[in-house]
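>>> Could you work out the structure for the sequence below:
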Amino acid sequence: MITKLYIILAILFLAGGLSIWRINLRSTPIKARENTLKFFSYFVIINILFIGIVFHNTVFRVLCFVIILGSLWEFIRIERSEQKPEKPKKLLFWFVFLLIVYSFIAFSAQPQPILFLSFFTVTVFDAFSQVFGQLFGKRKMLPAISPGKTWAGFAGGFVISILVGLLCGNILEISPVISLMYTAGTALFAFAGDTGASFVKRSFGVKDFSKILPGQGGFLDRFDSLMGASVYINLIALIIPFNG
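Residues are numbered from 1 along each chain as shown. As a prediction, this is how the structure comes out:
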């Protein structure tokens, strides 16, 4: 099972790498270098997460703890930015952030098949929404919050993540109906997590939460989608628990 899943991951990265190469052909040299750095650093991060889920009872929980600590540091850090939102909005940000942190802790204890299904859905949605957006995106979704998001990027990432989720669900011996219910909601909540993080950054007037991850920004820049998706995974797991 693990071997089959990693082969899928490798194929996805090969497809992503070819797409980045095509995008770089029409990009400036500086932008092309940024895209390449982002791709390879993403490859390393995703492989670390994959290995973590293989050892989900130990390594993955430690990784989640590291992500939470890094995210907490970044959230405290941006409060020192020159642009500060009004206090009620800032308190709301903290309230939502702490709820998501609690959800992410609970998510780390989910069964391995659900962790893999969530991991593939979020990874594919994140990566291919950017690829489709750069290749085909013209109409902006939320220009005031996240100028880089387009309808083509969202649609492309959503469809590919569903298809890959169904394929992985079959390997993980999860029924197609349950896989679809998990993956569709996971992709939507991943989008919500990413958009919410962009709104927080705009409110504080910062481009990235930090620069700790080369080519990615900070922990919240990289893992906002996964943390947002964890809310849905925990909720759906209560309604349709996985008994595999």
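
>>> Could you list the low-pLDDT ranges of this structure?
Counting by pLDDT under 70, the chain has low-confidence residues at 82, 243-244.

>>> Tell me who's in contact with the closest residue to residue 94 other than its chain neighbours.
Distance criterion C-beta to C-beta, 6 or more residues apart in numbering; nearest residue to residue 94, sequence neighbours excluded, is residue 75 at 7.6 Å. In short, each C-beta sits where N, CA and C put it, glycine included. With contact taken as C-beta atoms under 8 Å, 6 or more residues apart in numbering, residue 75 is in contact with 93, 94, 97, 209, 220.

>>> The first one is in contact with residue 85, isn't it?
Looking back up the chat, that one is residue 93. Yes. Contact criterion C-beta atoms under 8 Å: residue 93 and residue 85 qualify, at 7.4 Å.

>>> And the helices in this protein, which stretches?
Ranges of helices in the chain, per DSSP state H, are 2-25, 29-54, 61-78, 87-107, 112-136, 151-171, 176-204, 219-239.

>>> Output the third one as CSV, nothing but the C-alphas.
Output of helix 61-78 as CSV, limited to C-alpha atoms (Å, rounded to 0.1, in the frame of the first residue of the first chain):
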residue,chain,number,x,y,z
ARG,A,61,2.4,13.7,15.7
VAL,A,62,5.8,15.3,16.4
LEU,A,63,5.7,17.0,13.0
CYS,A,64,2.2,18.4,13.8
PHE,A,65,3.6,19.7,17.2
VAL,A,66,6.5,21.4,15.3
ILE,A,67,4.0,23.0,12.9
ILE,A,68,1.9,24.2,15.7
LEU,A,69,4.8,25.7,17.6
GLY,A,70,6.1,27.4,14.4
SER,A,71,2.7,28.7,13.6
LEU,A,72,2.2,30.1,17.1
TRP,A,73,5.6,31.9,16.9
GLU,A,74,4.6,33.4,13.5
PHE,A,75,1.2,34.5,14.8
ILE,A,76,2.9,36.3,17.7
ARG,A,77,5.5,37.7,15.4
ILE,A,78,3.2,39.5,13.0
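
>>> what angle sits between it and helix 219-239?
Helix 61-78 runs at 130 degrees relative to helix 219-239, counting by axes from the mean of the first three to the mean of the last three C-alpha atoms, to 10 degrees.
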